[in-house]
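K.L.:
With the sequence up front, the predicted model follows.
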Amino acid sequence: METIGNPWLWAGFGGLVVIALLVDLVLMRHGGAHKVTFKEATWWSLGWIALAMVFNGALWWYVNETAGLVEANRVGLEFLTGYLVEKALAVDNIFVFLMVMTYFAVPEEQRQRVLVIGILGAIVLRSILIFAGAALLAKFHWLLYVFGAFLLLTGIKMWFAAGQEPDLEKNPALRWMRNHLKLTDGYRGAALSVRENGVRWYTPLFVVLVLIGVTDVIFAVDSIPAIFAITSDPFIVLTSNVFAVLGLRAMFFLLAGMADRFHLLPYGLAVVLGFIGTKMLLIDVYKIPVPWALGTVAAILGITVALSLARPQKADPAA
């Protein structure tokens, strides 16, 4: 696997992520479990984006000093494009998180805990899949076509599923838990399970965490091939992915009250996946330059958001 990552870069990135997570856990949870305000979520979201851009700038500077300007520009653009793609897909992830928490009426003070576990799970899963994917692509080039076809089909499926509310009642994981576990009627504070009359019962919070974990797996499988269409360097793939995921918790609380305002975003994400899948399928015929890919993805998302705001979703008369 060819990569710009060396032991120093990997160590620096790992240390930065650990420090960022510790700061997030300490400061964002300052004062204990509480409802995160829109203002607090906005500042945290901007902070995570700024951290990613600072990292990209530092990476560009390092590569420029060691390998030259051309290589530094390539690395910088690949990181930025990968980050934008993964950040956009993370928004869809957030909407699913929101649906799950709303369905199970997760108390506001417990949502942070669920998101922390969900984000840590996403980082671990993506790390495993990225290194496995990089190793496989290095050995089997034809897998690029498999990934490309998968993304294209996923984009088509997402387009036709846009606007439809997923039915959690049909979720296989939820149905299995209801059939095989004893579930309490309500929450028991922050407990995942309780023992009553010698019997182990699982709380709705446990069910939510399992569903969030399943969602992490599904979105990791969808998003990892997308970033490999931008670059095959595992260092850039992992760093752009992790920085996109790190801001999920703050972004959740930022978008929690605005999901309906971005009702056309799933269509934009479907087009992005279709474009990236096509880019991957054409890799040996014509390699779309990274700046063009970045501009195309940014334009698709920008137009989608603008149309969502310009044409608000009509209220359901039956509601």
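P.N.:
Perfect, I can see it now.

K.L.:
hey, let's count contacts and neighbours off CA atoms from now on
P.N.:
Fine.

K.L.:
what about A191, which SS state?
P.N.:
coil (DSSP: H, G, I helix; E, B strand; the rest coil).

K.L.:
Would you mind confirming that it makes contact with L209?
P.N.:
No - using Cα atoms under 8 Å, A191 is not in contact with L209; the gap is 11.7 Å.

K.L.:
With neighbour numbers in mind, choose between these two.
P.N.:
Between A191 and L209, counted using other Cα atoms under 10 Å, the more crowded position is L209 (19 against 12).

K.L.:
For the one helix or strand that one maps to, list every residue counted as buried.
P.N.:
If you go by DSSP states H and E, L209 is part of helix 204-228. Neighbour counts over helix 204-228 (16 or more other Cα atoms under 10 Å) mark 204-217, 219-228 as buried.

K.L.:
After it, which helix or strand is next?
P.N.:
helix 234-246.

K.L.:
Give the next helix or strand downstream of that next one.
P.N.:
Next element after helix 234-246 (DSSP H and E): helix 248-255.

K.L.:
pull the CA atoms of that following helix into CSV?
P.N.:
The C-alpha trace of helix 248-255 is given here as CSV (Å, rounded to 0.1, in the frame of the first residue of the first chain):
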residue,chain,number,x,y,z
LEU,A,248,-21.0,14.0,14.4
ARG,A,249,-22.2,14.6,18.0
ALA,A,250,-22.2,18.4,17.8
MET,A,251,-23.7,18.3,14.3
PHE,A,252,-26.5,16.0,15.6
PHE,A,253,-27.7,18.7,18.1
LEU,A,254,-27.2,21.4,15.4
LEU,A,255,-29.4,19.6,12.9
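
K.L.:
what angle do it and helix 234-246 make?
P.N.:
Helix 248-255 runs at 40 degrees relative to helix 234-246, counting by axes from the mean of the first three to the mean of the last three Cα atoms, to 10 degrees.

K.L.:
Counting by contacts, list what helix 248-255 packs against.
P.N.:
Packed against helix 248-255, as judged by 3 or more Cα pairs under 8 Å, 6 or more residues apart in numbering; DSSP states H and E, are the following elements: helix 38-67, helix 69-103, helix 108-139.

K.L.:
circling back to that earlier point, list of residues touching the helix holding L209?
P.N.:
82, 85-86, 89, 93, 96-97, 100-101, 104, 106, 114, 117-118, 121-122, 125-126, 129-130, 147-148, 151, 154, 173-174, 177, 183-187, 190-193, 237, 273, 276-277 (Cα atoms under 8 Å, 6 or more residues apart in numbering).

K.L.:
Which ChimeraX command selects the buried ones in the residues you listed?
P.N.:
Buried residues among these (16+ other Cα under 10 Å), as a ChimeraX selection:
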select :82,85,86,89,93,96,97,100,101,106,114,118,121,122,125,126,129,130,147,148,151,154,183,187,192,193,237,273,276,277
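
K.L.:
Please identify the most buried of the helices and strands packed on helix 248-255.
P.N.:
Mean neighbour count (mean count of other Cα atoms under 10 Å) peaks for helix 69-103 among the helices and strands packed on helix 248-255, with a mean of 20.

K.L.:
picking that back up, by how many degrees do the helix holding L209 and helix 108-139 diverge?
P.N.:
Using the same axes, to 10 degrees, helix 204-228 lies at 30 degrees relative to helix 108-139.

K.L.:
Please work out the average pLDDT along helix 204-228.
P.N.:
Helix 204-228 carries an average pLDDT of 81.

K.L.:
and the angle from it to helix 69-103?
P.N.:
Going by the same axes, to 10 degrees, helix 204-228 makes 150 degrees with helix 69-103.

K.L.:
chain center to helix 204-228: distance?
P.N.:
9 Å (Cα atoms, centre = their mean, to the nearest Å).

K.L.:
picking that back up, right, and the helices and strands packed on helix 248-255 - which one's nearest W159?
P.N.:
With Cα to Cα as the measure, helix 69-103 is the member of the helices and strands packed on helix 248-255 nearest W159 (12.7 Å).

K.L.:
Show me what the closest one is packed against.
P.N.:
Using 3+ Cα pairs under 8 Å, 6+ apart: helix 69-103 touches helix 38-67, helix 204-228, helix 234-246, helix 248-255, helix 265-281, helix 290-310.

K.L.:
Please compute how far the fourth one lies from its chain's middle.
P.N.:
Same thing as helix 248-255. Using Cα atoms, centre = their mean, the offset of helix 248-255 from its chain centre is 11 Å.

K.L.:
okay, and for the stretch 51-200 of the chain, where does confidence drop off?
P.N.:
163-167 (pLDDT under 70).
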